[in-house]
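Enquirer: structure for this input, please:
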Amino acid sequence: MAELISVIVPIYNVEKYLSRCIDSILNQTYKNLEIILVDDGSTDNCGKICDEYVKKDNRIRVIHQANSGLSMARNTGLDIATGDYIGFVDSDDYIHPQMYEILSKSLIKNNADLVFSSYKKFEKEEFNFNKIKSWNEKKYINTDIVDMECTNNSRIMAAWNKLYKKTIFEKNRYEKGVICEDAHILIDILNECSSIVYISEELYYYSIEREDSIMRDKYNLKILNDELKAYKKMLDFFEKNKYKSIYIGFDWVYFKYITKIREHYYKVKKNFPKRNDILYKLLCEYLVRYNFQGRKRINNIKIRHRQDRFYLICKFTRMKFLNIDLKKACKSFFRKCLVKKITSTKQKKIFLIGTPEHGNLGDHAISVAAKKFLDDNFCDFKLIEITSSDYCYGNETIKSAIRESLSKDDIILVSGGGFLGSLWLKNGEEMVRDIIISFDRNKIVILPQTIFFEDNEEGKNQLKISKSIYESHKNLVLCVREKKSFEFIKNNMPNVNVKLIPDMVFYLKENKATNYRKGAIVCFRNDKEKIIKKDRQILDEINANYKNIVKIDTVSSKLISVKNREKVLKKFLEKFKYSEIVYTDRLHGMLFAYITNTPFIAFDNLSGKIRATFETWISDDLQMVIKDYNEKIEFGKYWEELVEIIKLA
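Expert: Numbering: from 1, shown residues only. Here you go, the predicted structure:
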């Protein structure tokens, strides 16, 4: 007879999803199951649903307990499990019908202690399952397990996509009352395993839809502290054990650790604004603690990891109380990887400097459009993108690398956007000034921008500085994206060569409108450029006219990497494409509506760039719903002009 598998399902307030989860376990092709449902004090109908399922199938056992948290719910299941093998399924997820058949066969065939599969994230979609006749396996033995942990990243971290020998849990339990419980127990589990098998097929379906589950809570100081402890434990493990993969291991754990605490810090910061200094010092204490072999290990990180991981380290180096060795290691790392990136080609090069890695989708859309424009018109050039964080935090290193590699045929472009002027000095105006000064003998083209200096003493002082720097460069072309900025440059910087070119996002304009549209999008800003004072009145009017209203912003609290920007942007634009109307005071809220042929009502902001862009390229009436989708201006001639401007470089 087949070995008994105990499947433990911790449950808390998931009545909407629970039946789907339990049914996916009951429908397993592997039938010798013990299904343990642990109702962790749910306040909805989960308890009743569990009791109903007990009557349907004698393989099901139900435990009702006071709310104790995910760790204790899993431990309760482990305490009563009688199976030879253990599996966990979260109650808002579901599994492939063959999951436990495949995992058990692989575990037995390879005499492994643990087997785990890949998984698929989903929000609301349902999947049709095809029968799996064969699957790909990779076995890891002894010290190779560390390599497995690093190369498979978070696939091994979770409890749920696995089948364990029960003996693993004879001495190990989930720690009571901690968040990130999977990371806390991970090292103990690895120590118990002589061999582990990884199956690349996606057998587990992980829900990202629900925000209030037993696994998800609002970010607070406890979560931050538990995360720090968990990653400290992993770092200690890799540092203590002399595995052959020590450097790779340190790379993955170190940067995953910093990614996590930085992500949590910004969410905690919103909840505890008065504790910022304490949190900063807490983060830095851990960074400095693990700088012991920092220089050696950072220097051994592979270049392919830099874009998404090393950027986070650089953010921290701005903190004055960070260990100086870490700063030196950062500079050393930048010198090696960026010089290689910049100097590794003999092709003609276009340097696109100042692209974003923050959460502003408008800026990312500009970068996507600029790269598409360059791919379409300059395919014989090698495009080298240097983000604003690359340039600002790597500064002298990057500048010297560019100088060394520059040939007479190479072109320097500055990313388009709305960061020229006094509103956004750091990583904006000051960066552009630095580029102009640093490459005073090279032709520079600034892609379409808005320029705005505040009408106060500080704004006037900054204008004087910029005027002096801009006009000192004899080969600078400044492209602006609306007439207001064009006239401003003409009047205040008469010696600057200025061109009127549309915002690069216009280059992404779709030709046809979709027929199916539903509801309204409200996209209002909440920063220093906001001037709308009647939000409530506007929202009341929208509510009176539309049943389905989606409130979004073109600025996300999450970082968006260069690698992921197109995917994120495409998903975001889908929301505009299928809406009846957009209300916005975001420039790119308006442009996203325009390029997806969606009617909109636009409201101006502090810099006036929305009205100016609207009047320059779309219409002369700002608060007018655009009812036909024909372009007012043929943009082609402007793109041709921009091609010529760049070619003349």
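Enquirer: burial count for Ile49?
Expert: 19 (other CB atoms under 10 Å). Where you see a C-beta, it was placed from the backbone N, CA and C, and this is true even at glycine.
Enquirer: put the alpha carbons of stretch 511-521 into CSV.
Expert: Only the C-alpha atoms of stretch 511-521 are listed here, as CSV (Å, rounded to 0.1, in the frame of the first residue of the first chain):
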residue,chain,number,x,y,z
ASN,A,511,-4.1,52.9,-33.5
LYS,A,512,-7.5,51.4,-32.5
ALA,A,513,-9.8,51.8,-29.5
THR,A,514,-11.3,48.8,-27.8
ASN,A,515,-15.0,48.3,-28.0
TYR,A,516,-15.5,46.9,-24.5
ARG,A,517,-15.2,49.5,-21.7
LYS,A,518,-16.5,49.5,-18.2
GLY,A,519,-16.3,52.1,-15.3
ALA,A,520,-14.1,55.0,-14.5
ILE,A,521,-10.5,55.4,-13.5
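Enquirer: which residues touch that stretch?
Expert: 542, 545-552, 575-584, 589, 593, 596-598, 629 (CB atoms under 8 Å, 6 or more residues apart in numbering).
Enquirer: same thing but 6 Å
Expert: 542, 546, 548-550, 577-582, 597, 629 (CB atoms under 6 Å, 6 or more residues apart in numbering).
Enquirer: what of stretch 361-371?
Expert: 355-356, 416-417, 447, 504-505, 507-508, 554, 560, 565-566, 569, 572, 588.
Enquirer: model confidence over it, on average?
Expert: For stretch 361-371, mean pLDDT is 94.
Enquirer: strands along the stretch 501-649 of the chain, start to end?
Expert: 520-523, 549-551, 581-584, 600-602 (DSSP state E, counting those that start in this stretch).
Enquirer: would CSV of those strands with distance to Leu500 be doable?
Expert: Below are the strands of the stretch 501-649 of the chain laid out as CSV (distance: least, CB to CB, whole Å):
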stretch, distance to Leu500
strand 520-523, 26
strand 549-551, 34
strand 581-584, 23
strand 600-602, 20
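Enquirer: present these as CSV; the columns should include mean pLDDT and mean neighbour count.
Expert: Below are the strands of the stretch 501-649 of the chain laid out as CSV (pLDDT from 0 to 100; neighbours: other CB atoms under 10 Å):
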stretch, mean pLDDT, mean neighbour count
strand 520-523, 87, 23
strand 549-551, 83, 14
strand 581-584, 88, 24
strand 600-602, 86, 24
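Enquirer: bridging residues for Lys139?
Expert: Under the criterion DSSP bridges, Lys139 forms beta bridges with Val197.
Enquirer: now the strands for the stretch 101-250 of the chain?
Expert: Remark: strands assigned in the stretch 101-250 of the chain by DSSP E, counting those that start in this stretch are 114-122, 137-141, 162-165, 195-207.
Enquirer: deepest-packed of those, please.
Expert: Highest mean neighbour count of the strands of the stretch 101-250 of the chain: strand 162-165, a mean of 22 (counted as mean count of other CB atoms under 10 Å).
Enquirer: show me what contacts the residue lying closest to Leu591 once chain neighbours are set aside?
Expert: Of all residues not flanking Leu591 in the chain, Val505 sits nearest, at 4.7 Å (CB to CB, 6 or more residues apart in numbering). By CB under 6 Å, 6+ apart, Val505 lies in contact with 365-366, 369, 591.
Enquirer: so how far is Thr355 from Val505?
Expert: 14 Å (CB to CB, to the nearest Å).
Enquirer: now do the contacts for Lys558.
Expert: Gly359.
Enquirer: what stretches of the stretch 51-200 of the chain score poorly on pLDDT?
Expert: Within the stretch 51-200 of the chain, the ranges that satisfy pLDDT under 70 run 124-127, 142-157, 177-184.
Enquirer: tell me the confidence at Arg306?
Expert: 37.
Enquirer: do the same with Asp440
Expert: 87.
Enquirer: which members of the contacts of stretch 361-371 occur in helices, if any?
Expert: Per DSSP state H, helices hold the following members of the contacts of stretch 361-371: 565-566, 569, 572, 588.
Enquirer: separate out the buried members of these.
Expert: 565, 569, 572, 588 (16 or more other CB atoms under 10 Å).
Enquirer: buried residues, stretch 577-597. List them.
Expert: Of the residues in stretch 577-597, 577-579, 581-597 count as buried by neighbour count, 16+ other CB under 10 Å.
Enquirer: first-to-last residue distance for it?
Expert: Using CA to CA, to the nearest Å, one end of stretch 577-597 lies 7 Å from the other.
Enquirer: start the count at 45 instead of 1 going forward.
Expert: Sure thing, new numbering starts at 45, so read that last one as stretch 621-641.
Enquirer: what's in contact with it?
Expert: So stretch 621-641 is in contact with 406, 409, 549, 552-554, 557-558, 561, 563-569, 576, 598, 617, 620, 642-647, 649, 653-654, 673, going by CB under 6 Å, 6+ apart.
Enquirer: chain center to that stretch, what's the gap?
Expert: 23 Å (CA atoms, centre = their mean, to the nearest Å).
Enquirer: cool, stretch 681-689 as well?
Expert: The answer for stretch 681-689 is 33 Å, by CA atoms, centre = their mean.
Enquirer: so which residues make contact with that stretch?
Expert: Counting by CB under 6 Å, 6+ apart, residues outside stretch 681-689 touching it are 421, 489, 521, 545-546.
Enquirer: now the residue lying closest to Asn155 once chain neighbours are set aside: how far from Lys165?
Expert: Excluding the flanking residues, the one nearest Asn155 by CB to CB, 6+ apart is Ser239, at 6.8 Å. Ser239 is 28 Å from Lys165, where distance means CB to CB.
Enquirer: go on, Glu47?
Expert: 30 Å.
Enquirer: again, but for Asp84
Expert: 24 Å.
Enquirer: same question, Phe422
Expert: From Phe422 to Lys165 the distance is 37 Å (CB to CB).
Enquirer: and if you look at Ile430?
Expert: Between Ile430 and Lys165 the computed distance is 31 Å (CB to CB).
Enquirer: re the thing from before, scan the contacts of Val549 and report the most crowded one.
Expert: Leu635 (32 neighbours).
Enquirer: ok, the contacts of stretch 405-415 vs Phe679, which is closest?
Expert: Distance to Phe679, by CB to CB, is smallest for Tyr551 among those, at 7.7 Å.
Enquirer: okay, now the closest one: neighbour count?
Expert: Neighbours of Tyr551 using other CB under 10 Å come to 20.
Enquirer: tell me the confidence at it?
Expert: Looking at Tyr551, the pLDDT reads 92.
Enquirer: ok, Leu635 next?
Expert: Reading off the model, Leu635 has pLDDT 91.
Enquirer: and it, how far from Gly652?
Expert: For Leu635 relative to Gly652 (CB to CB), the value is 16 Å.
Enquirer: so how many other residues sit close to Lys100?
Expert: Neighbourhood size, Lys100 [other CB under 10 Å]: 10.
Enquirer: ok, now Lys175?
Expert: Neighbours of Lys175 (other CB under 10 Å): 7.
Enquirer: excluding chain neighbours, what is closest to it?
Expert: Gln142 (7.3 Å).
Enquirer: for that neighbour, give me phi and psi.
Expert: phi -100, psi 10 (degrees, to the nearest 10).
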